[in-house]
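Engineer: A predicted structure for the sequence below; I have some questions about it.
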Amino acid sequence: GKMKKAEAPEKSGVAGNEAVGGPPEPELTVKAVLAGVVMALVFGAANAYLGMKAGQTVSATIPAAVIGIALFRLPFYRGGILEQNIARTAASVGEALAAGAVFTIPAFLLVNVGGQALWKDLRSHFWEASFILMTGGLIGVMFIIILRRPLCVDSGLPFPESTASAEIVKAGQAGGDTSRYIFSAMGLGALLQLLKSDRGLLLFRESVQGFLPFSRGGFAYSTPAASPALAGIGYIIGPRLAFINAAGGVIAWWLLIPLVIFLDPDLPRKLGSAGAPAPWDVVADSIWRETVRPIAVGAMLVGAVYTLYEMREPLVRSLRGAFEASARARAGGAAGQTDLDLPLPWVLAAAAALVVPISTIYYHFTGRAVAAASAAIVMTVTGFVLSAVGGYLVGLVGGSNQPVSGLTLAALVIAALVMLVIGVRGSLGVAAVLGVAAVVCNACCVSGSLIQDLKAGHLLRGTPWKMEVVEIIAVVAVSVFLMLPIIALHAANLRSGGTGIGDRELPAPQAGLMAQLAAGIVGGQMPWALLVMGVAFGLALVMIEAPSPMLIAVGMYLPFETVSAILVGGVTKWVSDSITPAERRPAVEENGVLIASGLIAGEAIAGILLPVLFLAGVKSLTQVLTGSGQIPIYTRYGGYLSVAAFAAIAWALIAAPRRAAR
């Protein structure tokens with residue numbers, strides 16, 4: 001059914017550039033580019049927060065399409081489908097580069113080689129980080145231009161989010177309430193974030209942690225985080241994937257951690273200070289960080305390799321198709337304005353030229369020409385191959401489910417092994433490995449985003465080369481801007497008594513994973529026994545054909561309040577499906593995805609703005625309004641009041657979509 005749905009819009013009569021009668025519809029206009037770049041900056045900042053807090057980002061394609069509909073209806077900003085298409089294409093760059101940034105750049109801060117961090121802070125490395133984002137994003141654009149025809153035109157892949165985006169745009173032209181749904185949900189998400197943030201008007205607790213003791217050891221527990229963004233993620237990925245992710249949390253927190261405590265009940269004394277034993281919840285958190293996470297790393301590695309193995313045949317077909325399509329284009333086979341890419345010689349020349357500044361980055365890290373050249377070769381080959389893999393997966397399951405972490409892990413391990421072979425060790429080798437991973441990760445993220453938008457544009461009969469041009473413009477703009485919110489979040493966490501990125505409030509799980517792997521393989525600090533246990537666990541999952549070993553491992557790596565909050569969203573989707581008649585389910589699900597996207601965007605945007613106020617000198621809105629640090633009702637009933645937040649989320653994701661579908 002999905003395949004037929006994906007093909008239908010091409011015959012739907014959306015004229016686009018091929019309108020009969022009159023001049024061509026405006027497309028690459030200044031107002032479309034401006035709107036897209038502004039949305040890219042907003043989505044980039046919001047997803048930077050979400051990526052460091054939850055270890056996940058959400059595709060901006062559908063929310064950007066809805067916002068574009070509303071924006072281009074305004075009397076002073078009226079525009080057509082193709083201008084909306086350009087704006088959406090630029091807007092999605094923000095989310096893509098945010099994912100690449102938060103999955104890799106903080107690793108330079110978190111990595112520990114010989115007792116010292118590679119980077120002492122982020123502010124002094126602003127231009128280095130921005131340059132990595134820009135070069136990675138641009139080379140990702142070049143890679144996917146080569147792969148556009150085989151993936152978008154010839155593959156027959158369903159591209160679920162591209163198809164949904166195109167359908168939303170067409171529905172918006174005919175009128176409807178889609179923009180009202182998403183903006184109302186954004187308001188609710190922002191309000192709930194305001195009421196649970198210690199920098200906002202603190203009224204209820206985000207989660208409650210504790211420890212349930214037994215005669216020998218016990219269980220650490222935490223309630224799901226009262227997070228509309230995490231619940232929205234769970235709703236979008238659905239109950240099956242939410243339960244798989246939560247299974248990893250159950251294995252970590254209800255099996256491995258209690259097992260370690262049971263085997264060594266004297267841990268509180270060993271981890272205590274000044275003769276006082278450490279509290280049990282501190283002990284459990286220490287076990288999770290120092291023992292469980294390395295096991296999760298090993299399982300993630302197996303998941304990454306297994307993903308690539310399963311992709312071997314589509315990858316070969318995709319690469320073969322790219323070169324065949326290029327040969328047809330040189331022979332004059334490309335027909336029509338809506339099938340024109342940027343000229344292939346230009347693209348290849350730009351990709352080759354980008355290798356030079358990338359090599360310069362690696363030379364800056366290592367000081368050795370051979371190491372820099374080797375890293376550049378690894379980056380180019382793995383970047384192109386993994387961009388093809390990622391693009392295929394986007395076509396199969398959508399950008400929100402693209403396993404960027406697994407693709408980046410593969411590049412990191414290959415680069416680390418190359419550094420070992422040529423004899424580059426210590427901090428220089430670790431820096432080179434993280435540099436390769438960062439560039440490849442950003443290339444994969446941007447290429448996945450662009451192929452999704454190119455498919456939507458293909459369904460709407462937009463012009464590929466114009467979309468590729470605006471993507472390049474947006475990559476440059478977002479690369480320079482994106483480090484600002486990341487630095488602001490890090491600084492705000494430090495000033496509020498945290499440890500910055502890597503703290504429980506901003507765990508940045510993928511970046512921590514990259515740092516641990518790079519330091520372990522190249523720097524010789526890897527707890528190999530735990531890693532091997534994780535590999536064995538991952539192999540066992542593969543042997544029994546467990547669904548998504550990577551997602552299980554990620555669930556082990558994240559705090560339990562995070563994975564259980566995602567599970568709450570998955571359960572709301574299951575409840576909604578269960579009580580909705582089959583004939584109404586597609587309409588309810590479409591509205592539910594829009595509302596979930598709004599909840600995610602609302603919390604994420606508020607999560608960025610509140611730390612900015614904190615850095616500007618406003619300690620908290622509670623302080624401003626009451627003159628004290630807390631509202632009295634919060635200290636006694638904050639945990640109970642959180643039930644109201646869950647009720648609001650459940651109503652938004654179950655009742656509201658059903659009412660809207662009527």
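Structural biologist: Everything's here; your move. This structure is a prediction, so every number in the text was calculated from the model and none was measured. Numbers count the residues shown, from 1 in each chain.
Engineer: So, low pLDDT: which residues of the stretch 401-550 of the chain?
Structural biologist: 401-403, 405-406, 523-526 (pLDDT under 70).
Engineer: first to last residue in stretch 643-657, what's the distance?
Structural biologist: By CA to CA, to the nearest Å, the extent of stretch 643-657 from end to end equals 21 Å.
Engineer: Contacts made by it with the rest, please.
Structural biologist: With contacts defined as CB atoms under 8 Å, 6 or more residues apart in numbering, stretch 643-657 is touched by 181, 185, 188, 192, 195-196, 204, 224, 226, 228, 231-232, 235, 568-569, 572-573, 575-576, 579, 588-589, 591-592, 595-596, 599. Where you see a C-beta, it was placed from the backbone N, CA and C, and this is true even at glycine.
Engineer: which of those residues are buried?
Structural biologist: With burial judged by 16 or more other CB atoms under 10 Å, the buried subset of those is 181, 185, 188, 192, 195-196, 204, 224, 226, 228, 231-232, 235, 568-569, 572-573, 576, 588-589, 591-592, 595-596, 599.
Engineer: Narrow the contacts of stretch 643-657 to those in helices?
Structural biologist: 181, 185, 188, 192, 195-196, 228, 231-232, 235, 568-569, 572-573, 575-576, 579, 588-589, 591-592, 595-596, 599 (DSSP state H).
Engineer: avg pLDDT for stretch 100-109?
Structural biologist: For stretch 100-109, the mean per-residue pLDDT is 85.
Engineer: Please state the offset of it from the chain centre?
Structural biologist: Chain-centre distance of stretch 100-109: 12 Å, with CA atoms, centre = their mean, to the nearest Å.
Engineer: same check, this time on stretch 587-596
Structural biologist: Put simply, stretch 587-596 sits 20 Å off its chain's centre (CA atoms, centre = their mean).
Engineer: packing partners for the helix or strand that contains Leu348?
Structural biologist: Assigned by DSSP states H and E, Leu348 belongs to helix 344-366. Packing partners of helix 344-366 (3 or more CB pairs under 8 Å, 6 or more residues apart in numbering; DSSP states H and E): helix 126-148, helix 312-330, helix 369-397, helix 426-459.
Engineer: So for Pro507, which of those helices sits nearest?
Structural biologist: Evaluated over these, closeness to Pro507 peaks at helix 426-459, with 17.6 Å, by CB to CB.
Engineer: buried sites along that closest one?
Structural biologist: 427-459.
Engineer: next structured bit after it?
Structural biologist: Criterion used, DSSP H and E; the element after helix 426-459 is helix 464-495.
Engineer: Give the next helix or strand downstream of that next one.
Structural biologist: Remark: after helix 464-495, the chain's next helix or strand is helix 509-522, criterion DSSP H and E.
Engineer: could you check the angle helix 426-459 makes with that next one?
Structural biologist: 140 degrees (axes from the mean of the first three to the mean of the last three CA atoms, to 10 degrees).
Engineer: Mean pLDDT per helix and strand in the chain: which one sits at the bottom?
Structural biologist: helix 2-7 (a mean of 34; mean pLDDT, DSSP states H and E).
Engineer: Give the rounded mean pLDDT of whichever helix or strand comes after that one.
Structural biologist: Next in sequence after helix 2-7, counting helices and strands by DSSP H and E, comes helix 30-54. For helix 30-54, the mean pLDDT works out to 83.
Engineer: what's helix 30-54 packed up against?
Structural biologist: Checked by 3+ CB pairs under 8 Å, 6+ apart, helix 30-54 has helix 61-71, helix 81-110, helix 228-251, helix 464-495, helix 560-579, helix 585-615 packed alongside it.
Engineer: switch the cut-off to 6 Å
Structural biologist: The helices and strands touching helix 30-54, judged by 3 or more CB pairs under 6 Å, 6 or more residues apart in numbering; DSSP states H and E, are helix 81-110, helix 464-495, helix 585-615.
Engineer: what's in contact with that helix?
Structural biologist: 57, 60, 64, 71, 83, 86-87, 90-91, 93-95, 98-99, 102, 229-230, 470, 474, 477-478, 481-482, 485-486, 506, 508, 562, 604-605, 607-608 (CB atoms under 6 Å, 6 or more residues apart in numbering).
Engineer: Show me which parts of it are buried, residue by residue.
Structural biologist: Buried residues in helix 30-54 (16+ other CB under 10 Å): 31-33, 35-54.
Engineer: okay, the angle between the helix holding Leu348 and helix 126-148?
Structural biologist: 150 degrees.
Engineer: starting at the chain centroid, how far to helix 344-366?
Structural biologist: 25 Å.
Engineer: go on, stretch 569-588?
Structural biologist: With CA atoms, centre = their mean, you get 25 Å for stretch 569-588.
Engineer: Could you do stretch 646-662 as well?
Structural biologist: The answer for stretch 646-662 is 25 Å, by CA atoms, centre = their mean.
Engineer: what's the neighbour count on the nearest residue to Leu122 once chain neighbours are set aside?
Structural biologist: With CB to CB, 6 or more residues apart in numbering as the criterion, Leu122 has its nearest non-adjacent residue at 4.9 Å, and that residue is Ile487. For Ile487, the neighbour count with other CB atoms under 10 Å is 18.
Engineer: Looks like Ile487 contacts Asp121 (just checking).
Structural biologist: No: contact criterion CB atoms under 6 Å: Ile487 and Asp121 do not qualify, at 8.5 Å.
Engineer: who touches both of these two?
Structural biologist: Counting by CB under 6 Å, 6+ apart, Ile487 and Asp121 have no common neighbour.
Engineer: re earlier: tell me the most buried of the helices and strands packed on helix 30-54?
Structural biologist: helix 81-110 (a mean of 30; mean count of other CB atoms under 10 Å).
Engineer: Between helix 344-366 and that one, find me the angle.
Structural biologist: Going by the same axes, to 10 degrees, helix 81-110 makes 20 degrees with helix 344-366.
Engineer: For helix 81-110, which helices and strands make contact with it?
Structural biologist: helix 30-54, helix 61-71, helix 126-148, helix 426-459, helix 464-495, helix 509-522.
Engineer: How far off centre is it?
Structural biologist: 9 Å.
Engineer: what angle sits between that helix and helix 30-54?
Structural biologist: Angle of helix 81-110 versus helix 30-54, following the same axes, to 10 degrees, is 30 degrees.
Engineer: and Lys120, that one's in a helix?
Structural biologist: No: secondary structure assignment places Lys120 outside any helix; it is coil (DSSP: H, G, I helix; E, B strand; the rest coil).
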